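everything below, folded, please.
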Amino acid sequence: MTILDEIAAYARERVSISKERLPYEEVKEKSLALPGRGNIFKKALAKEELSFICECKKASPSKGVIAEEFPYLEIAKDYDAAGADAVSVLTEPKWFLGSDKYLKEISENVSIPCLRKDFVVDPYMIYEAKLLGASAVLLIVAILSEKELAEYLEICSEIGLDALVEAHDEAEIRTALSVSASIIGVNNRNLKDFSVDKENSLKLRKIIPNNVLFVSESGIETAEDIRYVREMGADAVLVGETMMRAADKKAKLNELKGI
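Next up, the predicted model:
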């Protein structure tokens, strides 16, 4: 099993436990009762300038603990004040040391849309994301069948959430396009071995139609990296570790933007 397989398997265990606490039909009913988010995540990424999704995460499988001190609410508020367009919140608890409570509290205290960054393997997690205040969920092509991906996108549409569909190679891009994904993220990090190739975004950008929003993810560290993804025609960039390690979030974001 790859680490991605292990994370997905653990996500299924987590969902089973969650369903015992709050049954599927109940979480679905509660989610449907809430108003939709009005595609605010998609709108934030569709602006003319490059959009920045800044990530709130304590750890990762490739880097270990990134932030010993993790004032997640303060970090998210700093991103908001610094001019980030959206915040990505890790809720995976084992490898990323994330928590559902981080997303709930952050979504209640920032003005920008929140992406639930997790390994969605069950519709339950989508309904749950809405209850936690997310405006969008991450759907990873590598851990979902084409049928599941289509079903999950339909659920997102039904309950008023956006979906960032993540792909890593050409076959996964084709799958994302076949189910009419409107936001596709290319992960420059291979989730099976965690190697990083920034050329991956450029290579795959060429096969994504211009009417589909394109997000470059992982390995973005410098203003030069930002210029690179901007020139390739990216609509947005997801920046994680670089922002997490910055003591001054606003200064770092301005540096990346070239301000």
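
any idea how far the closest residue to I183 other than its chain neighbours lies from V110?
If you skip the residues right next to it in sequence, I183 has L213 as its closest partner in space, 4.4 Å away by Cβ to Cβ, 6 or more residues apart in numbering. Backbone N, C-alpha and C define where each C-beta goes, glycine included. According to Cβ to Cβ, to the nearest Å, L213 and V110 sit 21 Å apart.

give the buried residues for stretch 46-59.
For stretch 46-59, the buried set under the neighbour-count rule, 16 or more other Cβ atoms under 10 Å, comprises 50-59.

one more: stretch 91-111?
The neighbour-count check on stretch 91-111 (16+ other Cβ under 10 Å) flags 91-93, 95-100, 102-107, 110 as buried.

test my guess that the residue nearest to I183 contacts G233.
No. L213 sits out of contact with G233 when judged by Cβ atoms under 8 Å, with a separation of 10.9 Å.

quick check: pLDDT value at D235.
The model reports D235 with a pLDDT of 96.

distance check, it against E224.
Spatial separation of D235 from E224 under the definition Cβ to Cβ is 19 Å.

what's the answer for L73, then?
As judged by Cβ to Cβ, L73 and E224 stand 31 Å apart.

contacts only, for H168.
For H168, the contacting residues are 141-142, 186-187, 190-191, 200, by Cβ atoms under 8 Å, 6 or more residues apart in numbering.

how about a cut-off of 10 Å?
H168 makes contacts with 4, 140-142, 185-192, 197, 200, 204, 217-218, as judged by Cβ atoms under 10 Å, 6 or more residues apart in numbering.

kindly state the pLDDT recorded for it?
Confidence at H168, expressed as pLDDT, is 89.

how much space between S178 and L161?
From S178 to L161 the distance is 21 Å (Cβ to Cβ).

comparing the two, which residue is more hemmed in?
Neighbours around S178 and L161, counted as other Cβ atoms under 10 Å, are more numerous at L161. The numbers are 26 against 11.

give me phi/psi at the more buried one?
phi -110, psi 150 (degrees, to the nearest 10).

hang on, isn't it packed against A136?
Yes. Applying Cβ atoms under 10 Å, one finds L161 in contact with A136, separated by 5.9 Å.
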